[in-house]
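>>> Sequence and computational prediction follow.
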Amino acid sequence: MNSIIVDIINSFETNSKTRTSKYKDFLAHVYKTFENKITSSREKKIKNKYKKIRLSILEYILTNEKEITSKICNRK
């Protein structure tokens, strides 16, 4: 798993109880994390870099839903 995803998983916190809602909250967390990086960047090149990273990470998360969900639910 990518180190960026591991860092995002470690920074993720939720009060949701079900696996599905935790997964949805995690997707929102990933999107918001990168949106904050994009809006805080001044250069267009950096913004495009973060947009590409966000897209690839979201694709990875959607493809590997079971693995990500188990990582989110089993972390302490």
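Yep, it's here.
>>> phi, psi of the residue nearest to the spatial centre of the chain?
Centroid-nearest residue in the chain, with C-alpha atoms, centre = their mean: Val30, separated by 2.7 Å. Note on Val30: backbone dihedrals following degrees, to the nearest 10 are phi -60, psi -50.
>>> how far away is Ser41 from Glu67?
30 Å (C-beta to C-beta, to the nearest Å). Where C-beta positions appear, they are placed from N, C-alpha and C, glycine not excepted.
>>> The residue nearest to the centre of the chain against Asp7, yeah?
No. The pair Val30 / Asp7 is not scored as a contact, 10.8 Å apart, by C-beta atoms under 8 Å.
>>> just the strands in this structure please.
With DSSP state E, there are no strands along the chain.
>>> how about the helices in it?
Assigned by DSSP state H, the chain shows helices spanning 3-11, 19-40, 44-63, 65-74.
>>> residues touching Tyr60, list them.
Residues near Tyr60 by C-beta atoms under 8 Å, 6 or more residues apart in numbering: Asn2, Ile5.
>>> Kindly recompute the last result at 7 Å.
Ile5 (C-beta atoms under 7 Å, 6 or more residues apart in numbering).
>>> And it, how close does it get to Ser21?
For Tyr60 relative to Ser21 (C-beta to C-beta), the value is 20 Å.
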